[in-house]
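Trainee: Provide a 3D model corresponding to the input given below.
(2 chains)
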Amino acid sequence: MTKTLINPRNAYGETLIELGKKHPKVVVLDADLSKSTKTIMFAKKFPERFFEMGIAEANMISVAAGLASTGKIPFVSTFAVFATGRVYDQIRMDIAYSQANVKLFATHGGISVGKDGASHQMIEDIALMRVLPNMTVMAPSDAPQTKKIVTLMAESIGPMYARVGRADAPVLYKDADLKDVEIGKGLITRDGDDATIVACGTMVDPALDAADLLKKDGISTQVIDMHTIKPLDTVLLKKCIQKKSVLLTAEEHSVIGGLGGAVAEFIAEQRSCLPFRRIGIKDRFCESGPPAELWEKYKLNAKYQATIIKQLLKQK
Amino acid sequence: MPLTYPRQVPLFSMGGAFLSRADPTVIHTLQMKAVQIRKHIIEMLYRAASGHPGGSLSAVEAITALYFHHMNHDPQDPLDPNRDRFILSKGHAAPALYAALAESGYFQTPILKKLRQLNCNLQGHPVCYQTPGVEASTGSLGHGLSFGLGVALGGKLDKKNYHVYVMIGDGESNEGQIWEAAAAATHYKLDNLIALLDRNFLQIDGHTEEVMRLESVHQRWSSFGWHVIEINGHNFTDILNALDEAVSHQYQPTMIILETVKGKGISFMENNVDFHGVPPNEMEYKLAMEELNLLQKKLEAQQ
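Mentor: Numbering: from 1, shown residues only, chains lettered A, B, ... in the order given. I've put the predicted structure just below:
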């Protein structure tokens, strides 16, 4: 079956326009990447509420905090690498510490940015944002979910970070599947009894493919779409642990500090001894290349996820 | 975007709108207030046994002029959307800001004595949601001008008449973000944004021109497209005139370079880099208070 592809960045741009119509307080800032982040769609519709800040990300972040202090709801966009690492101190002081109602929406997260190479492949952003007090951290998995999460971001108060990748993403949900989505509540995208994959963002689709592969071998796999990494849905995780199956996390991010780190921290304190592994980038920088080949070489794809589940099942 | 409104009479207008800003009674009242604020600063730092005297003392006159004459603000309504905003980007001068806020009535003055202590809302560096009247969380240098720029953009968008005043330090001007904000402020023609540079020529490691040359700072700001005014930062007549000029200036943000003395008002702290981040000991505290009490009596006698 061929998958329907929609770029989550386009979903972001379209949602911003809807939010712009609905909420006069929504403003958007970008740092000379509006064509890539798709904030240009908002800029064309609401030029007076779009602020082009040039290639000066630090200034952009603090300006957004200033705008938030006047009651605006600023959405700030650039590539994940510039939206977090480059401006960590500005986010820390002016947004997280100050509890500013700023919404950071980053695109081009993960290694599937591809050919631009490791300089642009952000694999630490979730860790950097997760460690900040007051910060909510999200990674939507497809275009409809992106739309839902961006809307929830605008309508909830407080500092928030969300990231999507660069590439088109298979559509996993219908709008109706998402009507009850809440920030901080994971989705059981597929139910299963023998194994659980907790994935976020771009890794949810390969996790579903891995579940399909495993099914052929008679292994029933549950796939959790953990779109919110912080606050982590520990209620849902507890249920996964109680299944006494095996647990795998998958994310297009370093295995340190992201979804895998968060889940590992939680289950370690639950005195759970279920077989557990993290799939992600193994504490290294990657390289230029086509996204699918990068996923294969750096062991993120569905085939690898299925292999690891089988290994874990042998440990039971 | 021209500013087409009659400026509201500030709540703290002591001479009344019909009097010249250079009115001697206004100046005298502000001088008295400045001594009171310096006394608070010394008291706070001595009790906290930590903090930054030098850069707090050099900022006193500008902060006093803003809070007790120039700005439109109401301590009973600290979140009034029409208020003028003051942002202390050089957050280590927090004692000067806290003293001005307490003297204005945002909170009780005895709280000042608890600066930097546990369970007190006066943190070592300002935090916006903890202390009434504090607009931005600062302490990591270089952010405040950008924050103020955002507030100014918000004001333009909402067609509000308020002005945003941001005080930065000369050491702080080493930060690249200051110059990102300098460029963006002129790009957006933010004539409701007024920066004040506390030009006291000292930063922690020594003389500003030895640590990281800033001159010609006037030319730097004018080349970024700012309207630049250079004045004696301890002279109230100069400060009030400069603020009036800045408010009436259109289409450009204004930079007021305040030529100041680090540690101003305490003889042994003046131009002494050792008092950047070291509080007075007991003997120094007593000496400093004696000097300030003497000046206070002298000013009272002039009434």
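Trainee: so which helix or strand takes in the residue nearest to A:Pro170 when sequence neighbours are not counted?
Mentor: Leaving aside its chain neighbours, A:Pro170 sits nearest to A:Lys3 (3.8 Å; criterion: C-beta to C-beta, 6 or more residues apart in numbering or on different chains). For every residue, glycine as well, the C-beta is placed using N, CA and C. Per DSSP states H and E, A:Lys3 falls between elements, in no helix or strand.
Trainee: need the contact list for A:Lys3.
Mentor: A:Pro170, A:Val171, A:Asp205 (C-beta atoms under 8 Å, 6 or more residues apart in numbering or on different chains).
Trainee: list the ones among those residues that fall in strands.
Mentor: Judged by DSSP state E, strands contain the following of the contacts of A:Lys3: A:Pro170.
Trainee: just the pLDDT for the residue nearest to A:Pro170.
Mentor: A:Lys3 is assigned 95 on the pLDDT scale.
Trainee: gap between it and A:Ala143?
Mentor: Relative to A:Ala143, A:Lys3 is positioned 12 Å away (criterion: C-beta to C-beta, to the nearest Å).
Trainee: all strands of the chain, in order?
Mentor: If you meant another chain, say so; for now it's chain A. Here chain A has its strands, by DSSP E, at A:5-6, A:26-30, A:50-52, A:73-79, A:103-107, A:136-138, A:160-163, A:169-170, A:187-190, A:195-199, A:221-225, A:228-230, A:246-254, A:276-281.
Trainee: think we crossed wires, I meant chain B
Mentor: Going by DSSP E, chain B shows strands at B:85-88, B:164-169, B:193-199, B:202-203, B:206-207, B:227-232, B:254-259.
Trainee: you'd agree A:Arg163 is up against A:Gly109?
Mentor: Yes. Proximity of A:Arg163 to A:Gly109 meets the contact threshold set by C-beta atoms under 8 Å, at 3.8 Å.
Trainee: overlap in contacts, these two.
Mentor: A:Ala80, A:Met122, A:Asp125, A:Ala139, A:Gly201.
Trainee: how about residue 101, what does it touch?
Mentor: All of this is about chain A. A:Ala68, A:Ile73, A:Pro74, A:Ile157, A:Gly158, A:Pro159.
Trainee: chain B, not that one
Mentor: Contacts for B:Leu101 (C-beta under 8 Å, 6+ apart) come out as B:Tyr67, B:Pro75, B:Phe107, B:Thr131, B:Pro132, B:Gly133, B:Val134.
Trainee: residues near B:Leu197, how many?
Mentor: B:Leu197: 28 surrounding residues under other C-beta atoms under 10 Å in any protein chain shown.
Trainee: any idea of the pLDDT on it?
Mentor: 98.
Trainee: verify the stated contact: it with B:Ile256.
Mentor: Yes. Contact criterion C-beta under 8 Å: B:Leu197 and B:Ile256 qualify, at 7.1 Å.
Trainee: pLDDT on stretch B:239-258, on average?
Mentor: Mean pLDDT, computed over stretch B:239-258, is 97.
Trainee: typo on my end, it should be stretch B:36-52
Mentor: Throughout stretch B:36-52, pLDDT has a mean value of 97.
Trainee: OK, contacts around A:Gly158?
Mentor: So A:Gly158 contacts A:Gln99, A:Asn101, A:Asn134, A:Thr136 (C-beta under 8 Å, 6+ apart).
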